[in-house]
Every structure is written in C-alpha cells, then in structure tokens.
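Novice: got a predicted model here, sequence first, then my questions.
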Amino acid sequence: NTLSDHKEVTPEVLNAAILDADNKVFATYSISEAHNINFTKGFVKGQQTKFVDKRLLVYKPIVNNGEMLGTICLRVELSELSTIIKTQNTIALILLIVGVALAFLLALIMQRYISTRLLSLVNFMNHVGTTGNYKNHFVSGGRDEISTLSTVFNNLLDQITESQQRKDEFIGIASHELKTPLTSIKAYLQVLEKREQDDRNKLYVQKALENAKKLENLIYDLLDVSKIQSGQLVLNMTEVDIDALIDETIAAFQIIAKQHKIIRDGVQLNTTITADKQRIEQVLINLLSNATKYSPEAKKVIVSLTKTAKEIIIKVQDFGIGIAKEEQSKVFNRFYRVKEMSGHISGFGLGLYICNDIITRHHGTIRIESETGNTNFFVSLPLMAGKVYEIENKIVSIPGAL
C-alpha cells in the first residue's frame with residue numbers, strides 16, 4: 001500500500017520496489033502492467049542512479065543503526081523534466097534573441113551617434129581644406145575620444161593660423177622693403193637704356209628691364225595677397241564702359257604677347273557696369289597672361305563678351321595644354337600650381353587667387369572649364385542698380401549700372 005501511494009502523490013513514478021539485504025524483491029509497484037521492470041537486472045550494489053530508455057532509475061539504501069536492511073528502487077518518468085528543460089530552453093532562446101536585438105539596436109544607435117559626429121568632423125576638415133579658412137573651430141559635445149580628436153584638430157588649426165599670420169606679415173614687410181630699391185633699379189635702367197648707344201649693350205639693358213618688370217609684378221602680387229589677408233584691399237568703384245575696358249586691355253596686352261593674336265569676339269554691348277576699372281583690368285591681364293603662357297604652341301587667344309538679364313560674362317579662351325578636372329577646383333587657391341605645369345612654367349600660384357578675390361568683392365564669380373587643347377575662364381560681373389557693397393567693413397552705396 002505504501003508503494004501504491006506513489007500513484008496519487010507522484011504520478012511520474014512508473015515503478016517502485018523494495019529489495020531486501022540480499023537484493024531480492026520484497027515488494028513491488030507498477031503504474032501499469034506495460035511498465036513492469038525487473039530492478040534486480042543489471043543492478044550494481046552501491047549504485048545510486050541509472051538511466052535506462054530515457055527514464056531514471058533511483059536506488060536508495062535502507063540503513064538502520066549502520067546495518068543495511070535493503071534498497072528502495074524507483075523508476076521515474078522524465079517527460080516533465082524534459083518539458084521543463086524545453087520550456088527553459090525556449091525562454092533562454094527568447095532572452096537570447098531579445099538580448100541580441102537590444103545589443104544590435106544599441107550598437108546601431110551608438111554607431112549613428114558616433115558616425116554622425118565623425119562625418120561632421122570629416123566634412124569640416126574637407127571644408128577647411130577646400131576654403132583654406134583655418135580660423136573656425138569644430139565644436140563637438142561630450143568628453144569622449146571624438147572630442148579629444150576635435151580638440152587636437154582645433155589646436156592644429158590654431159597653429160596653422162598663427163603660422164599663416166607670421167608668413168603674411170613677412171610677405172607684407174618683404175614686399176614693401178623690396179618695392180623701394182626695385183623702383184630705383186628700374187629708374188637707373190631706364191636712364192641707361194636711353195643713353196646707351198651700342199645696340200648690343202642696349203639689348204642687355206632691355207633684358208634687365210624685362211626681368212625687373214617681372215620682379216615688380218611679383219612684388220605687387222605679394223602686396224595684393226598681403227592686403228587680401230589683412231582685409232585692406234579696397235575697391236575704387238566707378239562706372240566703367242565694359243567694351244572700352246576690354247578693347248584697351250587687349251590692345252595693351254597685345255604689345256607684349258608677340259607669339260599670340262588676341263582676338264575680340266562678339267558684338268559691342270554698349271554697357272557700363274559699376275566696378276573698379278584698374279582691378280578688373282588686372283584680372284583680364286592675368287587671364288590673358290595665363291592663356292598665352294599655357295598655350296605655347298597655339299597662335300591665338302579669344303576674348304568674348306556676352307550679356308544676360310542680370311550679368312555680363314567675359315570669356316577668355318586658349319588652345320593650350322588644358323587642366324585636369326581634379327585640379328580645376330584648386331587653381332584659385334593661394335600658392336597652388338597645377339602639378340603638370342609647375343616644373344617647366346614659372347609662377348607662384350598667386351594670380352588666380354587674387355583674381356578670384358577681386359571678382360568676389362565685385363559680387364561676381366570666376367570659373368574654369370578645361371579639357372585637353374582647350375581652357376575657358378568665365379568672369380561674371382553683375383548688372384546692378386543701387387547695389388550696396390560692403391567694402392572693408394564699410395557700407396558703400398554704388399550708383400546703378402546703365
């Protein structure tokens with residue numbers, strides 16, 4: 001009866017038995033005839049548990065005052081345990097999936113947070129590299145590694161800015177100091193040219209004057225760069241007949257452009273604009289000089305003038321070696337020279353930088369289109385009425401163009 005009680009109390013027990021001290025069956029119990037089992041078969045004395053047919057056999061000795069009286073034997077169904085294990089495995093799998101999902105979501109959020117800040121820093125670096133403006137600082141919140149990188153980068157910008165300021169000061173001082181003795185040298189050479197009667201000696205003096213003129217142009221370019229950097233390049237705005245300015249510039253430049261024919265293309269516009277005549281002439285001469293310098297095998301340079309509702313466009317076209325597309329956006333940077341040309345054509349990379357600044361101060365644009373055998377520079381100047389300019393932090397109202 002004691003063994004039979006398992007049917008009500010522990011239904012997972014399929015069989016039970018009590019063995020005597022000689023391992024002979026004293027009493028047995030089976031939940032059904034189909035589950036009968038011989039506990040003595042394969043039993044090893046002292047064994048505690050044993051798995052048979054995915055069921056658990058449990059042997060528990062009966063001891064009284066140190067004397068072994070027998071053994072209680074149970075065969076237990078493990079289906080409930082399997083169910084528990086399956087349930088636990090399912091829960092563990094669900095927890096694993098939820099954990100992976102949360103980790104992925106957290107990683108995605110962190111990745112977006114980090115990558116957004118990194119991309120902002122990269123874009124700022126590209127902007128600094130493109131514009132050459134090293135005075136601005138990158139602002140990054142937080143105190144992580146990206147903030148440390150931003151701080152180091154900002155310190156580097158400060159060092160570059162300080163170095164540029166020193167360089168600009170040196171350029172300005174050196175240019176001013178060179179200007180005075182060069183003026184005296186030119187004056188002496190001009191007097192010597194007039195007095196020299198020997199043709200051979202006179203040719204030497206003329207060559208010296210030509211080189212003095214090149215040096216003078218370089219000094220004036222350096223002075224302009226110094227003024228641009230210090231914000232002291234002032235425009236003298238007046239009404240300018242653009243056709244007359246183009247024709248006069250071409251005529252003046254044609255005298256020194258002995259290998260090229262400067263051709264004026266298109267019709268006369270009969271239009272005046274508000275501009276600094278001397279500075280616009282400086283831009284045109286620089287573009288014509290580049291056009292002839294970088295097209296040594298060509299025989300002509302074409303200058304054309306067109307007009308739209310809002311602006312006039314000056315186009316200078318040469319038929320030279322061209323400029324690679326990846327370098328076209330850099331030619332207006334200070335001291336930049338096209339790699340392919342820098343080795344065998346003289347220059348300091350200042351002319352187009354100065355031209356760009358002058359045109360920008362006129363609220364215009366200058367751009368380039370180039371391919372092998374052809375380079376076009378386009379200068380756009382606005383047709384304006386009552387335009388208000390900001391020149392060197394002063395607001396100046398300019399009369400409207402006709």
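Specialist: That came through fine. It should be emphasised that the depicted structure is a prediction, and the values quoted were computed from it without experimental measurement.
Novice: which stretches of the protein have low pLDDT?
Specialist: Residues of the chain that meet the criterion pLDDT under 70 lie in 1-11, 33-35, 41-47, 142, 339-347, 384-402.
Novice: now do the helices in it.
Specialist: Ranges of helices within the chain are 6-9, 79-131, 145-195, 199-230, 242-254, 277-293, 325-328, 339-342, 351-361, based on DSSP state H.
Novice: among those helices, which is nearest residue 17?
Specialist: helix 6-9 (11.1 Å; CB to CB). Any C-beta I mention is one placed from the backbone N, CA and C, and that applies to glycine too.
Novice: what does stretch 161-170 contact?
Specialist: 134, 135, 225, 226, 229, 230 (CB atoms under 8 Å, 6 or more residues apart in numbering).
Novice: pretty sure the first one is touching residue 125, no?
Specialist: No. In this structure, residue 134 is not within contact of residue 125 by CB atoms under 8 Å, at 11.1 Å.
Novice: neighbour count: the two, which is higher?
Specialist: residue 134 (18 against 13; other CB atoms under 10 Å).
Novice: where's that one relative to residue 282, distance?
Specialist: Shown here: residue 134 relative to residue 282, a distance of 27 Å by CB to CB, to the nearest Å.
Novice: show me the strands in the stretch 251-400 of the chain, by range?
Specialist: Secondary structure of the stretch 251-400 of the chain (DSSP state E, counting those that start in this stretch): strands at 261-265, 272-275, 300-307, 311-318, 365-371, 374-382, 388-391, 394-397.
Novice: and residue 57, which of these is closest to it?
Specialist: strand 365-371 (91.7 Å).
Novice: got the CA coordinates for that closest one in PDB?
Specialist: Below are the C-alpha coordinates for strand 365-371, written out as PDB (Å, rounded to 0.1, in the frame of the first residue of the first chain):
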ATOM      1  CA  THR A 365      32.100  84.700 -60.000                       C
ATOM      2  CA  ILE A 366      35.000  83.300 -61.800                       C
ATOM      3  CA  ARG A 367      35.100  79.700 -63.000                       C
ATOM      4  CA  ILE A 368      37.000  77.400 -65.300                       C
ATOM      5  CA  GLU A 369      36.200  74.800 -68.000                       C
ATOM      6  CA  SER A 370      39.100  72.900 -69.400                       C
ATOM      7  CA  GLU A 371      40.000  69.800 -71.400                       C
END
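Novice: that one: partners in the sheet, and parallel or antiparallel?
Specialist: In the sheet, strand 365-371 lines up against strand 374-382 (antiparallel) (DSSP bridges).
Novice: mind saving the C-alpha coords of the strand it pairs with as PDB?
Specialist: Extracted in PDB, the C-alpha atoms of strand 374-382 (Å, rounded to 0.1, in the frame of the first residue of the first chain):
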ATOM      1  CA  ASN A 374      41.200  74.000 -74.600                       C
ATOM      2  CA  THR A 375      40.700  76.100 -71.500                       C
ATOM      3  CA  ASN A 376      38.000  78.600 -70.900                       C
ATOM      4  CA  PHE A 377      37.800  81.100 -68.000                       C
ATOM      5  CA  PHE A 378      34.500  82.800 -67.300                       C
ATOM      6  CA  VAL A 379      34.200  86.000 -65.300                       C
ATOM      7  CA  SER A 380      30.700  87.000 -64.400                       C
ATOM      8  CA  LEU A 381      30.000  90.600 -63.200                       C
ATOM      9  CA  PRO A 382      26.500  91.700 -62.000                       C
END
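Novice: give me the distance from that strand to the chain's centre.
Specialist: Taking CA atoms, centre = their mean, to the nearest Å, the mean C-alpha location of strand 374-382 is offset from the chain mean by 28 Å.
Novice: and what of stretch 327-343?
Specialist: So, by CA atoms, centre = their mean, the centroid of stretch 327-343 is 20 Å from its chain's centroid.
Novice: hmm, residue 353 is touching residue 330, no?
Specialist: No. Contact criterion CB under 8 Å: residue 353 and residue 330 do not qualify, at 10.5 Å.
Novice: between the two, who's got more neighbours?
Specialist: A direct count of neighbours by other CB under 10 Å for residue 353 and residue 330 places residue 353 higher, at 21 against 16.
Novice: so what does the closest residue to that one other than its chain neighbours have for phi and psi?
Specialist: Leaving aside its sequence neighbours, residue 353 sits nearest to residue 334 (CB to CB, 6 or more residues apart in numbering; 4.4 Å). Dihedral pair for residue 334: phi -70, psi 130, per degrees, to the nearest 10.
Novice: count the residues that sit near residue 334.
Specialist: So residue 334, with other CB under 10 Å, has 17 neighbours.
Novice: check residue 253 too.
Specialist: Count around residue 253 with other CB under 10 Å applied: 21.
Novice: would you mind measuring from it to residue 313?
Specialist: 20 Å.
Novice: tell me the contacts of residue 303?
Specialist: Applying CB under 8 Å, 6+ apart, one finds that residue 303 lies in contact with 246, 250, 262, 263, 264, 265, 284, 288, 314, 315, 316, 317.
Novice: ok, now how distant is it from residue 290?
Specialist: From residue 303 to residue 290 the distance is 13 Å (CB to CB).
Novice: now do residue 126
Specialist: 27 Å.
Novice: between the two, which has more neighbouring residues?
Specialist: Neighbour count, other CB under 10 Å: between residue 126 and residue 290, residue 290 has more, with 22 against 10.
Novice: contact partners for the nearest residue to that one once chain neighbours are set aside?
Specialist: Closest residue to residue 290 apart from its sequence neighbours, by CB to CB, 6+ apart: residue 351 at 6.7 Å. Listed by CB under 8 Å, 6+ apart, the contact set of residue 351 reads 221, 286, 289, 290.
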